[in-house]
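1. structure of the sequence below:
(one chain, ligands or ions: 1)
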Amino acid sequence: MPDMPASPLLDRIVRLIETQGPMPVSDYMARCLGDPEHGYYMQAEPFGRSGDFITAPEVSQLFGEILGAWIVHAWEAIGAPDPVALVEFGPGRGTLSADMLRVARLRPAFLKALTLHLVETSPRLRAAQKKTLEDTGVTIRWHDSTATLPDDRPLLIVANEFFDALPIRQFVQGGAGWRERCIGLDEAGGLRFQAGLASLDEADLPPHLKAAPEGAVLETQPVANAIMQDLAGRLAGQGGAALVVDYGYGKTAVGETLQAVRNHKPVPVLETPGKADLTAHVNFEALARAAKAPPVAARPLMTQGDFLLRLGLLERAGQLGAGRSLAEQDGIRDDVERLAAPDQMGELFKVMAVAPQDVRLAAFDAA
Ligand code: SAH
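-> Residues are numbered from 1 along each chain as shown. Below is the predicted model of the structure:
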């Protein structure tokens, strides 16, 4: 294949398998995305037309402005605390935070109360975020994980296309039971999937899947669930709210969703480790379970299309287009379609809100 980039990570993974045996899918995914030297987010240029994929904040400023309006509303709904931490997970180029802060500027008291906390493991992307956000005048702290987030103030948390990048495990029904799917070596020394030894924790298998046919694949997301559990505990103790936007499903089901994308096209998962983005659909049922920390709970899941429309996407698009050229208005209309139309991002992408049950969240809870 002419456009297939060399993958230095491939050699390293092959050597690891040779010495340590088959590698679970979760381990493979974590290395492909996060290897300090050759991991995808450490060296690639993921975003935009020239990158590998486009995310909602990169489609249009409308996305971040609406999330910003939701956050300002949530801040007021929890009593307008000062100080407060605005937290974004996996901020990419920093576009979403920049757009949210532009809206926050309309509430000077909020802007004054907040510090911005970015949870980001890639030094490259941290630099990009710094550049995008340096003119905002807001104090920014970067974090490798949730461990160092402030513990003395409420948290307002946003995560767009973050949870899909966290390592998943896969289990295959082999006839005699579920076995973890691993990556081993074929005769030619290349990578291939094979069954490993670990079996599935019964707690991860809902009753309706007990009779899944041979060959069925079940995915679990231990890292995503652990992060959500941590956040829910913090929200219960410190107050605040979280908004998670990602592609995924609302009910646990069998089916393989692990996918690799390069140049806006799907590529084989094992072909070019570190050179393609690797993601899995988010299991929002499992995430909601992890978000239970009374009085904190997840609200019923909403599609991205419904969420954006309820919060005035069309009205905002109209304002943005007012006085612009016809071509620019067409462009805005295309962006709206892209974000909210059911056959584009509107239905596959879901929005989950998490907060103490007595907090009234815009779009989710009755006013
Ligand atoms: N939210 C952005 C970018 C999504 S891409 C947008 O919508 O455009 C995923 C982001 O999560 C990247 O910034 C990536 O570096 C970051 N990321 C991936 N795994 C991570 C981890 N384990 N901890 C922190 N950040 C991570």
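2. for the stretch 151-300 of the chain, what spans make up the helices?
-> 222-238, 284-290 (DSSP state H, counting those that start in this stretch).
3. in JSON lines: these, plus distance to residue 17, mean neighbour count and mean pLDDT.
-> In short, each C-beta sits where N, CA and C put it, glycine included. Formatted as JSON lines, the helices of the stretch 151-300 of the chain follow (distance: least, C-beta to C-beta, whole Å; neighbours: other C-beta atoms under 10 Å; pLDDT from 0 to 100):
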{"stretch": "helix 222-238", "distance to residue 17": "21", "mean neighbour count": "19", "mean pLDDT": "98"}
{"stretch": "helix 284-290", "distance to residue 17": "29", "mean neighbour count": "21", "mean pLDDT": "98"}
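4. now those in JSON lines, with distance to the ligand?
-> Shown next, in JSON lines, are the helices of the stretch 151-300 of the chain (distance: least, C-beta to the nearest ligand atom, whole Å):
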{"stretch": "helix 222-238", "distance to the ligand": "7"}
{"stretch": "helix 284-290", "distance to the ligand": "15"}
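5. can you pull up the most central residue in this protein?
-> In the chain, the residue lying closest to the centroid (C-alpha atoms, centre = their mean) is residue 162, at 2.1 Å.
6. and that residue, what pLDDT?
-> Turning to residue 162, the model gives it a pLDDT of 98.
7. for the nearest residue to it once chain neighbours are set aside, give its distance to residue 227.
-> Closest residue to residue 162 apart from its sequence neighbours, by C-beta to C-beta, 6 or more residues apart in numbering: residue 90 at 3.4 Å. Distance of residue 90 to residue 227, computed by C-beta to C-beta, to the nearest Å: 11 Å.
8. can you report how many residues lie near residue 112?
-> Residue 112 has 11 neighbours, counted by other C-beta atoms under 10 Å.
9. touching, it and residue 82? I think so.
-> Yes - the criterion here is C-beta atoms under 8 Å, and residue 112 meets it with residue 82 at 7.1 Å.
10. the closest residue to residue 81 other than its chain neighbours: what's it in contact with?
-> Leaving aside its sequence neighbours, residue 81 sits nearest to residue 154 (C-beta to C-beta, 6+ apart; 4.9 Å). Contacts for residue 154 (C-beta atoms under 8 Å, 6 or more residues apart in numbering) come out as 78, 81, 84, 85, 238, 239, 240.
11. let me see the contact set for the residue nearest to the centre of the chain.
-> Going by C-beta under 8 Å, 6+ apart, residue 162 touches 89, 90, 244, 246.
12. and the second one, what does it touch?
-> Applying C-beta under 8 Å, 6+ apart, we find residue 90 in contact with 119, 120, 159, 160, 161, 162, 165.
13. sort out for me which of the residues you listed are in strands.
-> Using DSSP state E, the members of the contacts of residue 90 that fall in strands are 119, 159, 160.
14. could you check how far the closest residue to the ligand within the stretch 251-367 of the chain is from residue 29?
-> Residue nearest to the ligand within the stretch 251-367 of the chain (C-beta to the nearest ligand atom): residue 277, separated by 7.9 Å. The gap separating residue 277 from residue 29 is 11 Å, by C-beta to C-beta.
15. likewise for residue 344?
-> 26 Å.
16. out of the ones in strands among the contacts of residue 90, which is most surrounded?
-> Neighbour counts for the ones in strands among the contacts of residue 90, by other C-beta under 10 Å, peak at residue 160, which reaches 26 neighbours.
17. so what's that one up against?
-> Taking C-beta under 8 Å, 6+ apart, one finds 55, 56, 57, 63, 67, 90, 96, 245, 246 in contact with residue 160.
18. between the helices of the stretch 151-300 of the chain, which one is closest to residue 50.
-> Nearest of these to residue 50, taken as C-beta to C-beta: helix 222-238 at 29.1 Å.
19. check contacts around the nearest residue to residue 364 once chain neighbours are set aside.
-> Nearest residue to residue 364, sequence neighbours excluded (C-beta to C-beta, 6+ apart): residue 299, at 4.2 Å. Shown in contact with residue 299 (C-beta under 8 Å, 6+ apart): 352, 353, 354, 355, 361, 364, 365.
20. just read off the phi/psi values of residue 299.
-> As for residue 299, its main-chain torsions (degrees, to the nearest 10) stand at phi -80, psi 160.
21. so which of the helices of the stretch 151-300 of the chain comes closest to residue 22?
-> Among those, helix 222-238 comes nearest to residue 22, with 18.4 Å by C-beta to C-beta.
22. run through who's touching that closest one.
-> 26, 89, 146, 149, 151-155, 157, 163, 166-169, 240-242, 244, 282-283, 286-287, 289-296, 354-356.
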